[in-house]
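J.: sequence unavailable; structure follows:
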């Protein structure tokens, strides 16, 4: 709960549709980056251990059938082997 008189600061974000490959899963969904920045800017920022992916579909790495859908998935930066922006593909 915020103290009386405290303000909340929100940062505008853009969504980038991505495919993330880990050693086990392929995740497709929307990654959120600061408005006006690039995907590489978000990946190069060492301030986050996890990246938020929304509207995610999770597949086995070698499969085409979805294992599950999730409104939100937190992906650990250390588990990412490959990330591709799908809108540019």
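T.: Okay, I see it. None of the values given here were measured: they were computed from a predicted structure.

J.: CA atoms for contacts and neighbours, from now on please.
T.: Noted.

J.: which residue ranges form the helices in this protein?
T.: 39-44 (DSSP state H).

J.: low-scoring stretches of the protein, by residue?
T.: Low-confidence segments of the chain, defined by pLDDT under 70, span residues 1-3, 5-10, 88-89.

J.: run a quick neighbour tally on residue 24.
T.: Using other C-alpha atoms under 10 Å, residue 24 has 13 neighbouring residues.

J.: OK, contacts around it?
T.: By C-alpha atoms under 8 Å, 6 or more residues apart in numbering, the residues touching residue 24 are 60-61.

J.: mind checking the backbone torsions on it?
T.: Per-residue torsions, residue 24: phi -120, psi -40 (degrees, to the nearest 10).

J.: quick one: it from residue 36, how far?
T.: 31 Å (C-alpha to C-alpha, to the nearest Å).

J.: ditto for residue 21
T.: Computed as C-alpha to C-alpha, the residue 21 to residue 36 distance reads 25 Å.

J.: could I get the full set of strands for this protein?
T.: Per DSSP state E, the chain carries strands over the ranges 13-21, 25-34, 50-60, 66-76, 82-85.

J.: now render those strands as JSON lines, adding mean neighbour count.
T.: Listed next are the strands of the chain as JSON lines, based on neighbours: other C-alpha atoms under 10 Å:
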{"stretch": "strand 13-21", "mean neighbour count": "18"}
{"stretch": "strand 25-34", "mean neighbour count": "21"}
{"stretch": "strand 50-60", "mean neighbour count": "18"}
{"stretch": "strand 66-76", "mean neighbour count": "13"}
{"stretch": "strand 82-85", "mean neighbour count": "15"}
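
J.: and those as TSV, adding distance to residue 43?
T.: Shown next, in TSV, are these (distance: least, C-alpha to C-alpha, whole Å):
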stretch	distance to residue 43
strand 13-21	12
strand 25-34	9
strand 50-60	9
strand 66-76	11
strand 82-85	9
